[in-house]
Structures are given as C-alpha cells and as structure tokens.
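> Using only what follows, build the 3D model:
(3 chains)
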Amino acid sequence: MNHYVPMPQSFYEQPTLQLAQALLGCLLVKETEEGVASGYIVETEAYMGPADRAAHSFGNRRTKRTEIMFGKAGSVYTYTMHTHILVNVVSSDVGSPEAILIRAVEPFEGTSLMENRRPGRSRKEWTNGPGKLTKALGIQMNDYGHHFTASPLTICEGWEQDSFHISSGPRIGIENTGEARDYPWRYWVEGNSYLSKMRSPTT
DNA sequence: AGTGGGATAGCCT
DNA sequence: GGCTATCCCACTG
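Next up is the predicted model:
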C-alpha cells in the first residue's frame, strides 16, 4: 500500500517562482465524508505579492480575504469567483503575501466521485481549470486558512520531477493589469492533456 | 467576442 | 443596505 506522503513544511519555504514549478507533479488530495479524491498538479500560476498588480495583495492590501496570504507558507487560500472556488498555496515568508494558484490537475484517485461532482462532462472537463478542479475534488471555502501538510486538504508526493518537462508563459484572466500581464509566471507540464484552455497565442 | 451567471468581500453611503 | 470588482465557466452565434 503506497500511501500519500504530505510534503514537509520546508517544501513550501522555497522561493515562490521555484515552488510554483516544484508543485507540478505533486498530488493534491482532498478527503471528504464521501471519500478521497486526488489529482496530479499539472498547471500553476504565481502571484508575487505587493509589487504584482495582478495579485490580490498588490500594494500590501491586507483585508479579511487576503489575510492568509500574509501567513505561513503552505497555508490554504481559497477564494470565490462568482459560483466558482479557486485554491491557492500561500508561499514566501510570514508578512510577505505571495501565493500560487492551482489551475489544473490530472485525476488520480476517486474518479467516480469526480464524475458525480461534474455530471455530464467528459473526463477531461472534470479538472482542466481552477474552478473545475475545486468542484471535482470537493474543495470548499471552509478549507481557507488550513495548512497543506494536514488533512483534509493536502499536497503530497507525486511524479518524479525528472519524468516530465515544464513550460512557462503569461498568466490568464488578468488582461487589465498593465505590464504584469506579460510576466511568464504560469507553469505547466508540457504536453499534458488536462491543462486549462490555452488562450491567445498572439505570437 | 460577447454575455449571463449569482458568491463573496470591500467600500461606500 | 446597495453598489462594484473579482486570479472563472459555459453558453451563444
């Protein structure tokens, strides 16, 4: 029985851009009363804190919502966007509000649960976007403020880091944020078929 | 490309 | 209490 091994605290204490890449291939695991669902992280986006116009914490904006971004690396930052919930990994030192958005995962365990939570969708459509994967895995707003080293929401060892290639490019959904829009702070597992939709090649 | 959806939080009265 | 923005999604055509 090969069981889930949560990444240690030290894993989360590497620099944000490095952590955003290190998270690729890790398993995102959510336990609920219905059972366990998990998927391999295949796409992430870094948000670089006070200097990043696209980040919620731009200009050190500190509110009830962003408060956790100022907390310990490895904390869970959930956020609602209309009907959708997005999940982020807090990074950097306490007081330095940086975070990484998990944009897509590849289903692993609990696929029948995911299917029930994403009725009528093809397998690919279960988790190939930040709002979709939270629904498929059962991630809720009450996961806010927990830590990824402890149940019910954990990040665990997954694929070997040398078993895939990492690509990077501009982030998504932040068209109106000035020069920050072009920073290549989105990372993904090259060629994976569960990535979120790629937009605007615009060469 | 445009747009409706309908969940928060923040910021103003 | 009302307005507005938000690190999206799915549906139109």
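> now the closest residue to A:Val90 other than its chain neighbours: how far from DNA strand B?
Excluding its sequence neighbours, the residue lying closest to A:Val90 (Cβ to Cβ, 6 or more residues apart in numbering) is A:Ser75, at 4.1 Å. (C-beta placed from N, C-alpha, C; glycine too.) Per Cβ to the nearest atom of the strand, to the nearest Å, A:Ser75 is found 15 Å from DNA strand B.
> I'd say A:Ser75 and A:Glu67 touch.
No: between A:Ser75 and A:Glu67 there is no contact under Cβ atoms under 8 Å: 10.0 Å.
> Counting neighbours, go ahead and name the busier of the two.
Set A:Ser75 next to A:Glu67 and count neighbours by other Cβ atoms under 10 Å: A:Ser75 wins out with 22 against 14.
> does the more buried one have beta-bridge partners, and which?
A:His147 (DSSP bridges).
> how near is it to A:Tyr4?
Computed as Cβ to Cβ, to the nearest Å, the A:Ser75 to A:Tyr4 distance reads 19 Å.
> Would you map the helices across chain A?
A:9-12, A:16-22, A:111-117, A:130-137 (DSSP state H).
> What residues does the residue lying closest to A:Gly25 once chain neighbours are set aside make contact with?
Take A:Gly25 and drop its neighbours on the chain: the residue closest to it by Cβ to Cβ, 6+ apart is A:Trp159, 3.7 Å away. Residues in contact with A:Trp159, defined by Cβ atoms under 8 Å, 6 or more residues apart in numbering, are A:Gly25, A:Cys26, A:Tyr40.
> Burial check on the last one, number of neighbours?
It refers to A:Tyr40. 21.
> what separates the closest residue to it other than its chain neighbours from DNA strand B, distance-wise?
Spatial nearest neighbour of A:Tyr40, chain neighbours left out: A:Glu106 (4.5 Å); criterion: Cβ to Cβ, 6+ apart. Going from A:Glu106 to DNA strand B by Cβ to the nearest atom of the strand gives 24 Å.
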